[in-house]
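> I would like to see how this sequence folds:
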Amino acid sequence: MFTTAIARARLAPRRCYAQRATALLAFATFAVWLPRHYTLGVNVTASLPVRFFVIHRGERPQRGQYVALRWTGGGPYPAGALFIKILAGVPGDVVRCQAHRFFVNDTLMGVAKTVARSGAPLVPGPTGILPNGHYYVNAPHPDSLDSRYALTGWPTDAQIVGRAYALF
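Modelled structure (predicted):
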């Protein structure tokens, strides 16, 4: 009995090291895996009612869900900036403009302004049937830089980072 207790006492530190090594390996694996699949996004403008998002890289959002995309450049934002919008139109949908009011499948998306708050002229975005690999993105704020404007246009599959989930 006494020798069994001594043997257990000698094995206890080894078990502790093994548990710590396993925990460290699990943490390291998670630390490498997490950034490849998820990232945080911050909406720096008032275009959406939510400011902070978790972005699931590679997950394709559906109509009405938040989408994270890379800005192609131009206007006040550098190329590669992360934008978060609402996916409002998918391939096959009809986009039309009537008196600066944009519609996707007869649902009003918003009114396109002719001049930005900075005074720069704004060119209306494209209209027609969304082709494969192209999307109409939108945000409810009247000053949102979305698909109502040529500067944004119809983002492509290549620009989409993934689905964004609102945090707060």
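> show me where the chain has its strands.
In the chain, strands defined by DSSP state E lie at 38-42, 52-57, 66-70, 82-89, 94-98, 101-104, 107-111, 128-129, 136-138, 160-166, listed in chain order.
> what comes up buried for the fourth one?
Same thing as strand 82-89. By neighbour count with 16 or more other CB atoms under 10 Å, strand 82-89 contains the buried residues 82-89. Where C-beta positions appear, they are placed from N, C-alpha and C, glycine not excepted.
> farthest pair within these?
Leu82 and Gly89 (20.4 Å; CB to CB).
> which one of the buried residues of strand 82-89 is nearest to Gln62?
Using CB to CB, the shortest approach to Gln62 within these belongs to Leu87, at 6.9 Å.
> residues in contact with the closest residue to that closest one other than its chain neighbours?
Take Leu87 and drop its neighbours on the chain: the residue closest to it by CB to CB, 6 or more residues apart in numbering is Val67, 4.5 Å away. When contacts are counted by CB atoms under 8 Å, 6 or more residues apart in numbering, Val67 touches 61, 84-87, 135, 137, 160, 162-164.
> try it again with 7 Å
Remark: with contacts taken as CB atoms under 7 Å, 6 or more residues apart in numbering, Val67 is in contact with 61, 85, 87, 137, 160, 163-164.
> cool, Tyr66 as well?
53, 84, 86, 163-166.
> can you give me the helices for the protein?
Assigned by DSSP state H, the chain shows helices spanning 2-37.
> what bits of it have low per-residue confidence?
1-16, 18, 21, 23-31, 33 (pLDDT under 70).
> one more pass at 50, please.
Residues of the chain meeting the criterion pLDDT under 50: 7.
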